[in-house]
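Participant: return a 3D structure for these sequence lines:
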Amino acid sequence: MRPGPVISRDAITLGQVAYAAADVPAAVAHFQRAAELNPADSEALNNLGQALVRAGRPAEAVPYFDRAVAIGPTNWAYRFNRARALGEMGQWSDAAEGYRDAQRLFPDDYATVFNLAKALQRSGDLTAALGAFERAIALAPGQPDFHLSHGLALEAAQRPKEAAAAYR
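Facilitator: Purely as a prediction, here's the structure:
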């Protein structure tokens, strides 16, 4: 009989294949099996969390992301994925804090900064959101959705002239 970590690796591979094929229920099952076989496998835990989010079950995903973060505290993706799940649940302040944690690990990731900006805006911190949108644009000036979101935030801040410039 093969040891648990090898069987766990097989389950991860099967889960990845299922996830790539958009067979989310199979991906969840395979990643669940991998996490059960090797509870200290942060990759299996993170993958299970992602599959659960994709399945529309973000509340179930968060504990798996928490475990992955505890095992691999310097892994940016685990923190980013946890923040995304919190956002899916509408917990915007917690999501913003999660994106800040991810940003500390990967400061120049424009996706993290953009998602932080969106979470800040949704949590009601428009001033901080505007700064984060500006940082995201500086990191990836060619992303049109960054400019659009920045413009919408400027409109919400009652700054129509700056919003018009952002839209251009």
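Participant: just give me how far the helix or strand harbouring Glu162 sits from the chain centre.
Facilitator: If you go by DSSP states H and E, Glu162 is part of helix 160-167. Chain-centre distance of helix 160-167: 29 Å, with Cα atoms, centre = their mean, to the nearest Å.
Participant: quick check: longest helix in the chain by residues?
Facilitator: Longest helix of the chain, by residue count under DSSP state H: helix 4-20.
Participant: average pLDDT across that helix?
Facilitator: Mean pLDDT, helix 4-20: 82.
Participant: export it as PDB, just CAs?
Facilitator: Provided in PDB are the C-alpha atoms of helix 4-20 (Å, rounded to 0.1, in the frame of the first residue of the first chain):
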ATOM      1  CA  GLY A   4      -0.800   8.800   2.400                       C
ATOM      2  CA  PRO A   5       1.200  11.700   0.800                       C
ATOM      3  CA  VAL A   6       1.600   9.900  -2.500                       C
ATOM      4  CA  ILE A   7      -2.100   9.000  -2.600                       C
ATOM      5  CA  SER A   8      -2.900  12.600  -1.600                       C
ATOM      6  CA  ARG A   9      -0.800  13.800  -4.500                       C
ATOM      7  CA  ASP A  10      -2.800  11.600  -6.900                       C
ATOM      8  CA  ALA A  11      -6.000  13.000  -5.500                       C
ATOM      9  CA  ILE A  12      -4.700  16.600  -6.000                       C
ATOM     10  CA  THR A  13      -3.800  15.800  -9.600                       C
ATOM     11  CA  LEU A  14      -7.300  14.300 -10.200                       C
ATOM     12  CA  GLY A  15      -8.800  17.400  -8.600                       C
ATOM     13  CA  GLN A  16      -6.800  19.700 -10.800                       C
ATOM     14  CA  VAL A  17      -7.900  17.800 -13.900                       C
ATOM     15  CA  ALA A  18     -11.500  18.000 -12.800                       C
ATOM     16  CA  TYR A  19     -11.200  21.700 -11.900                       C
ATOM     17  CA  ALA A  20      -9.700  22.500 -15.300                       C
END
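Participant: counting by contacts, list what that helix packs against.
Facilitator: When contacts are defined as 3 or more Cβ pairs under 8 Å, 6 or more residues apart in numbering; DSSP states H and E, helix 4-20 packs onto helix 24-37, helix 42-54. Just so you know, the C-beta spots here come from the backbone N, C-alpha and C atoms, and that holds for glycine as well.
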